[in-house]
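**Student:** Task: produce atomic coordinates for the following.
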Amino acid sequence: MSNIKVSSGATTLISGSKGDSSTSGGMLVPYWNERNNKRFLIDVAKGASLEIDNNNKADGVISFTGESNSVDISNSGMLKINSNIESAPIFGPLVGGGNLTTNSGSITNLSALGATFDATKMNSNAWMKLKLTAGSKTSIISKDKSPFSNNGPWSNPSNISIASSAKLLTYSGDSAKGGLTDTPDHDIPVTFIGGSVIQGYSHNKITSIPTGVDDYDRLDANDVNPFVGGQTISSSKMDQSTDSGLLVFPTLLSVAMGEGKYYWNYGLDQLPDANQFLSRTTDAPLRFQVFDTRSVNPSFKITAAYVSKQERQRQLFSMWFKHSASEDTSTAVRLSQNAQTILTGSEMKSDGGVYTADYGKDSGLVMLANNRVRSGNYKGLVDWTLVDGV
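**Tutor:** As a prediction, the model looks like this:
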C-alpha cells in the first residue's frame, strides 16, 4: 500500500473494537516489501471524509518496517484519526517524519489516548511539519498525556505554520503541563503567517475532553496572547504551565485603543484670533492597534464619543479628530456625545492581520479654539470603541 486517496463520499478504516486487548504492530504498515525512503500519502478531497480508528494495535496508527520513511497528509475535506490504545500514537515505529497540510475549509481531528505525536516512538531525529492554511480547522487531542511528546526539542525541519483565519485546538490530559508539548523544553517552532490570538485554558475550566475544534468557544480563558504575523516563536511561549488546552483562532481584538491622558497647556496670549486647531502639548503618540485575522480584508471601524467633565463652566472650544496634520475642518471629524466613525481598518497600516494607526501631537485628537476662551482647567473623556463591521 503506497497511499490512501479519498476523492468522494465517506470512508472508514477500523482496526479492532474499543476495549480489545492490544496486539503488536501498527494498524497501517505501508510498503511492506519496499521498506526504505518511502512516502506514504493520505489525501482527502474537498467534500470527502476519511475516518481511521485504531482500537488494538500497540505500535500506532501508521508505522513502517524500514528506514527514512515519512507520512504526507493533505486534507481538503473531513479527516479523523483516532488511536484508542495508550502506547499507540498516530505515528509509530520507523516513521521518520510527518507532513500535515490542512487546506481551506477542511476539518481535521487527530486524537490519541496517549501522546498524539510521540517522537520517542518514531525514528531517531523524528520531525513534524504542520501547515494550517487559512480557513482550516484542526484539533490535536491527547486524552491522557500531551499532543506532542519528545525527549528533547523537535528536530529540524519541525514546524507548525499557522495562517490568518486558521483555527487550532489542542488538549493535554496530563494537566498542568501546558496545552501542547509534554515539557516546555521539548518545544517545536511555531510560525505565524498572519496575526493570531492564543487563549489558554486551565484543566478545571475544561469540563470534558474536547472532540472538535469549537469545544472551547464558550469557556473562560486562563490567559490570552496575541501574536503578530511573520514571526517564528518557540511553542513554549504559546502556553502557561497551568494550561491544559490551547485555542489559536481568528478574531477581532483591540490591542491599543487610544488609551492615555492628553494635555493642551496654552496661555491666552498663545491662542489665535480665529478658530485654529491646537496640537497636544504632550509628546505621547495616540495609538490604535487591532487584530483582525478573520479575513484578508479588515471588517471593523473605530468610533469616538466626547463628553465634557465640566459641571459649572461651558467649554468654549471643541474637540476633533484629524487623520493627518494637514487636514482641515471640511474633512476632520468633530466629536460629540454621539459616537462617530473616526477610522476604519482599511485606513490603517496592515501587517499580517495586525492593523495600526499612530498619530503625532498635530493629528489624531486635537482641539479647535481661539483666544476668546476663558482661562481655566478643563477636562473631558473620549470613549474609543472598536465596532465589528464597517
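
**Student:** Give me the distance between the closest residue to Val382 other than its chain neighbours and Met367.
**Tutor:** Distances taken as C-beta to C-beta, 6 or more residues apart in numbering place Tyr306 nearest to Val382, at 5.2 Å, with adjacent residues excluded. Every residue, glycine included, has its C-beta placed from N, CA and C. Tyr306 sits 11 Å away from Met367, going by C-beta to C-beta, to the nearest Å.

**Student:** Mutual contacts of those two, please.
**Tutor:** Each of Met319 lies in contact with both Tyr306 and Met367 under the rule C-beta atoms under 8 Å, 6 or more residues apart in numbering.

**Student:** thinking again about what came up before, now do the helix or strand hosting the residue nearest to Val382: which elements does it pack against?
**Tutor:** Under the criterion of DSSP states H and E, Tyr306 resides in strand 300-308. Applying 3 or more C-beta pairs under 8 Å, 6 or more residues apart in numbering; DSSP states H and E, we find strand 300-308 packed against strand 286-292, strand 340-344, strand 380-388.

**Student:** other SSEs contacting the shortest one?
**Tutor:** It stands for strand 340-344. Against strand 340-344 (3+ C-beta pairs under 8 Å, 6+ apart) you get strand 300-308, strand 333-334.

**Student:** Please repeat the previous calculation with a cut-off of 10 Å.
**Tutor:** On a contact count with 3 or more C-beta pairs under 10 Å, 6 or more residues apart in numbering; DSSP states H and E, strand 340-344 meets strand 286-292, strand 300-308, strand 318-322, strand 333-334, strand 354-359, strand 364-369, strand 380-388.

**Student:** List the beta-bridge partners for Trp127.
**Tutor:** Judged by DSSP bridges, the bridge partners of Trp127 are Gly97.

**Student:** count of neighbours near it?
**Tutor:** 20 (other C-beta atoms under 10 Å).

**Student:** need the contact list for it.
**Tutor:** 70, 95-99, 119, 154-159, 188 (C-beta atoms under 10 Å, 6 or more residues apart in numbering).

**Student:** Tell me the buried residues within those residues.
**Tutor:** Among those, those classed as buried by neighbour count (16 or more other C-beta atoms under 10 Å) are 70, 95-99, 119, 154-155, 158-159, 188.

**Student:** from these, which is closest to Gly179?
**Tutor:** Ile188 (12.9 Å; C-beta to C-beta).

**Student:** and the residue lying closest to Gly47 once chain neighbours are set aside, what is it in contact with?
**Tutor:** Distance criterion C-beta to C-beta, 6+ apart; nearest residue to Gly47, sequence neighbours excluded, is Gly77 at 5.7 Å. Gly77 sits next to 6-10, 43-50, 103, 105-108 when contact means C-beta under 10 Å, 6+ apart.

**Student:** 8 Å instead, please
**Tutor:** Here Gly77 is in contact with 6, 44-50, 106-107 (C-beta under 8 Å, 6+ apart).

**Student:** For it, give its distance to Ser2.
**Tutor:** For Gly77 relative to Ser2 (C-beta to C-beta), the value is 20 Å.

**Student:** Per-residue pLDDT of the residue nearest to Tyr359 when sequence neighbours are not counted, please?
**Tutor:** Nearest residue to Tyr359 in three dimensions, chain neighbours excluded: Leu286, at 4.2 Å (C-beta to C-beta, 6+ apart). Note for Leu286: predicted pLDDT of 95.

**Student:** right, and Leu286 touches Gly258 too?
**Tutor:** Yes - Leu286 lies in contact with Gly258 (C-beta atoms under 8 Å); the separation is 5.7 Å.

**Student:** list residues touching both of these two?
**Tutor:** Jointly contacting Leu286 and Gly258 under the rule C-beta under 8 Å, 6+ apart are 364-365.
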